[in-house]
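Q: Structure of the sequence below:
(2 chains)
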There are 2 protein chains.
Amino acid sequence: MVRQIVEDAKSESGLSTVQTKYFTFAMPPEELLLDCGEKLGPITVAYETYGSLNKEKSNAILILHAFSGDAHAAGWHEGASSPGWWDEMIGPGRAFDTDKYFVICSNVLGGCSGTTGPSSIDPRTGKPFGIDFPSISIPDMVQVQSGLLDHLGIEKLLSVAGGSMGGQQVLEWVVSFPQRLRSAIAIATAAKHSPQQIAFNEVGRQAIMADPNWQDGQFYDSEPPAKGLSVARMIGHITYMSDTSMSKKFGRRTGSNGKTRPFGNGFEVEEYLHHKGLTFVDRFDANSYLYITRAIDDYDASRGGGLAEALRGLEARILVLSFKSDWLYPSHQSQEIIRGCKKAGVDVTCCEISSTYGHDAFLLEVAEQTKLVSHFLERTDELKDIQ
Amino acid sequence: MVRQIVEDAKSESGLSTVQTKYFTFAMPPEELLLDCGEKLGPITVAYETYGSLNKEKSNAILILHAFSGDAHAAGWHEGASSPGWWDEMIGPGRAFDTDKYFVICSNVLGGCSGTTGPSSIDPRTGKPFGIDFPSISIPDMVQVQSGLLDHLGIEKLLSVAGGSMGGQQVLEWVVSFPQRLRSAIAIATAAKHSPQQIAFNEVGRQAIMADPNWQDGQFYDSEPPAKGLSVARMIGHITYMSDTSMSKKFGRRTGSNGKTRPFGNGFEVEEYLHHKGLTFVDRFDANSYLYITRAIDDYDASRGGGLAEALRGLEARILVLSFKSDWLYPSHQSQEIIRGCKKAGVDVTCCEISSTYGHDAFLLEVAEQTKLVSHFLERTDELKDIQ
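A: Prediction:
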């Protein structure tokens, strides 16, 4: 029954079975000089591609995932019960139309879904890095993606696109590799984290490190810090939704376990959070949580100065999208990006999309984003021919 | 030096040294029948009073504290370095003017600051209750306060007032003891918690219970679940502030410990949260956290029906205050209370106070609240003479 539903879903015009590929930087010196000053290598990158690269190699789009995402942005893995995380946006006839574009997505540096991260084996010791993994940054993630493009023989991208932390990487691409882009799409993101955003991440980090199973990051031979990671994820989930979307989804309905007193599962929303917390533990590494959230919090696209300074001279076109009910990455942070673009004379288009989904809207508001993104990409493609 | 500053602060027109008093229900049957169906007793109540009760016993105001508050609302305890939690609102010439009114504040049932709660000794075992303490509710808290008024010989209050959970108790006073009130002041509160509010509390509860030191609530002979309670408090603090107030207070300034990588204290806001979390552990009981937040989440002033039904026939005047940047108890929840009052034909006055402090505004926006509250109380007092 489930298999049939899955097969039905797969046959609905989207991409079919896809596979994750792996690329290990093998060129000398085989090591990447990180932002923190340390060297790391060899680095393996997990990535997927959808559609075909054209002869001119001018139709490539790089998709950048959010905090807990991975390389599997679209299509179905063999035997999986759900597709990639942005499947509704990527595929034949979709926003990122694989009939036209060659779409690439890779797992970020520091991640735990195939790309080198703290759970990878440290070649010096033969054991997982744990917190001996060097500090990584959003610019480091982008350096690795740039290396992947070199490997794929792509000099210039038609676009880079991503939401949330993916949007931070988009901004970093714009700032670090402006010559490699024709356009960029930054969704539900910020040029730098506010103290409130940092605070939510820090509480998640503290929850993980408070778990005795964390063991200073060397838990790979024993039980992972499941309770701490679960609490961290629950906090995250609250910030991804809105007051309205939670009210619509749960109201004050009692959970199915009933009101076990004094403080068991009381309301449906609590059970939902427990479930989200527990399932996260199976797919995410607690140390990746620590490293990646730190990279997000530390990131400042403006390099501590004015954003306009960092963007001056940029020829790529920018699309900035935000969502009305997104209180984690509120629209005023997108406005800051837009002001920076305008001040720098960059060709910027922006839209605040009406939605009640909160920050999750970048994953859920498919129709409106499809209209805006597909038109923006078409126009970018046309301009390429004119230039 | 500190002592001099304290003495200077104390001499600034507020109340001087005050003491907490204790009252133990001693009348038969000595036990309170709780909402959950269980009986609890004897119950001790910690309370303070400021000003003098007049001959007619008509000038008493009951102040109701928020989640982590206590009976010490105003004045200074001997040797203390800070005054009571609402000192700026209570004292000679202040909003709750102790030259005119007799002000009472008591620690809630289930609390850990003198009133019977889970850290109290269970008379059946001679040990702290822990999670054998019965489930308590906002109505139970109000029942206990009503017993305290009986003890003090006060039949009818000039007013009840409180913010946040204090506001929930205000609403419960209005619903359960309308004949004992001339007025009520509900600040930054809700008739019932939204799923988002429940979710934040639930993550705090999970953080506490994830700490192995919690030991199913029987930690009183060993180490308390300090890390879990600290994480819970950090989450709370984020929700008490606003995006704006955090940005003003911290910006993206680096913490004084510097950026110890990969995930030590990075930003000042992180150090602030750590400090708030750690100091909370010294003054609050983890089990009280669990019981009281559960009472807050479960509370529904409308008893699951319409609020207007619960309020119909009320003669007391109501003042409802909310704050513009308070996203934990957003103004639309106050609007719901106001709509209920109006539908029930209750005399209600309301104001959304402009503030950037978020939920903390009910503790910090003294000037505006003083104007509104003192005028409301004067008018209530005048109407008493007319009636």
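Q: what's the domain layout of chain A?
A: Using automatic domain parsing, the domain ranges for chain A come out as A:2-193+A:300-386, A:198-295.
Q: can I get those domains in a markdown table with distance to chain B, mean neighbour count and mean pLDDT?
A: In this view, the C-beta of every residue, glycine as well, is placed from N, C-alpha and C. Shown next, in a markdown table, are these (distance: least, C-beta to the nearest C-beta, whole Å; neighbours: other C-beta atoms under 10 Å in any protein chain shown; pLDDT from 0 to 100):
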| stretch | distance to chain B | mean neighbour count | mean pLDDT |
| --- | --- | --- | --- |
| domain A:2-193+A:300-386 | 4 | 20 | 94 |
| domain A:198-295 | 4 | 21 | 93 |
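Q: Between the two ends of stretch A:212-229, how far is it?
A: End-to-end distance of stretch A:212-229: 12 Å, with C-alpha to C-alpha, to the nearest Å as the criterion.
Q: Sorry, wrong one. I was asking about stretch A:275-293.
A: 22 Å.
Q: quick one: the helices in the stretch 151-300 of chain A?
A: Ranges of helices within the stretch 151-300 of chain A are A:165-176, A:195-210, A:226-240, A:243-250, A:268-283, A:286-298, based on DSSP state H, counting those that start in this stretch.
Q: Just put the ones you listed in JSON lines and tack on distance to B:Thr293.
A: Listed next are the helices of the stretch 151-300 of chain A as JSON lines, based on distance: least, C-beta to C-beta, whole Å:
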{"stretch": "helix A:165-176", "distance to B:Thr293": "31"}
{"stretch": "helix A:195-210", "distance to B:Thr293": "16"}
{"stretch": "helix A:226-240", "distance to B:Thr293": "14"}
{"stretch": "helix A:243-250", "distance to B:Thr293": "17"}
{"stretch": "helix A:268-283", "distance to B:Thr293": "11"}
{"stretch": "helix A:286-298", "distance to B:Thr293": "25"}
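Q: and A:Gln218, which of those is closest to it?
A: Nearest of the helices of the stretch 151-300 of chain A to A:Gln218, taken as C-beta to C-beta: helix A:286-298 at 9.3 Å.
Q: what helices or strands is the closest one leaning on?
A: Under the contact criterion of 3 or more C-beta pairs under 8 Å, 6 or more residues apart in numbering or on different chains; DSSP states H and E, helix A:286-298 touches helix A:138-152, helix A:165-176, helix A:195-210, helix A:226-240.
Q: Which residue lies nearest the spatial centre of chain A?
A: Nearest to the geometric centre of chain A sits A:Ala66, at 1.7 Å (C-alpha atoms, centre = their mean).
Q: Got phi/psi on that one?
A: Phi and psi for A:Ala66, reported as degrees, to the nearest 10, are phi -80, psi -180.
Q: The helices of the stretch 151-300 of chain A: which one's closest to B:Tyr272?
A: Nearest to B:Tyr272, of all these, is helix A:195-210, at 8.5 Å by C-beta to C-beta.
Q: same for that closest one, what does it pack against?
A: Here helix A:195-210 touches helix A:226-240, helix A:286-298, helix B:195-210, helix B:226-240, helix B:243-250, helix B:268-283, going by 3+ C-beta pairs under 8 Å, 6+ apart.
Q: CSV for these, including distance to B:Ile187?
A: What follows is these, written out as CSV (distance: least, C-beta to C-beta, whole Å):
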stretch, distance to B:Ile187
helix A:226-240, 24
helix A:286-298, 34
helix B:195-210, 16
helix B:226-240, 14
helix B:243-250, 18
helix B:268-283, 22
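Q: Just tell me which of those helices ends up closest to B:Leu290.
A: Of all these, the one in closest proximity to B:Leu290, counting by C-beta to C-beta, is helix B:195-210 (5.5 Å).
Q: List of residues touching stretch A:117-126?
A: Stretch A:117-126 has contacts (C-beta atoms under 8 Å, 6 or more residues apart in numbering or on different chains) with A:42, A:44, A:109-112, A:127-133, A:217, A:220, A:285, A:287-288, A:290-291.
Q: hmm, back to that, B:His274: which of the domains of chain A is closest?
A: Closest among those, using C-beta to C-beta: domain A:198-295, at 7.6 Å.
Q: Do me a favour and get the backbone dihedrals for the nearest residue to A:Cys36 once chain neighbours are set aside.
A: Closest residue to A:Cys36 apart from its sequence neighbours, by C-beta to C-beta, 6 or more residues apart in numbering or on different chains: A:Ser135 at 4.3 Å. Backbone torsions for A:Ser135, taken as degrees, to the nearest 10, come to phi -60, psi 130.
Q: Which residues does stretch A:329-347 contact?
A: Taking C-beta under 8 Å, 6+ apart as the rule, stretch A:329-347 contacts A:164, A:167, A:171, A:186, A:188-191, A:194, A:197, A:301-302, A:306-314, A:316-318, A:320-324, A:348, A:350, A:352, A:359, B:243.
Q: Can you list which of these are found in strands?
A: Among these, the ones falling in strands (DSSP state E) are A:Ala186, A:Arg317, A:Ile318, A:Val320, A:Leu321, A:Ser322, A:Phe323, A:Val348, A:Cys350, A:Glu352.
Q: List the residues that contact the residue nearest to the residue nearest to the centre of chain A when sequence neighbours are not counted.
A: Spatial nearest neighbour of A:Ala66, chain neighbours left out: A:Ser164 (3.9 Å); criterion: C-beta to C-beta, 6+ apart. With contact taken as C-beta under 8 Å, 6+ apart, A:Ser164 is in contact with A:Ala66, A:Phe67, A:Ile187, A:Ala188, A:Thr189, A:Tyr329, A:His359, A:Phe362.
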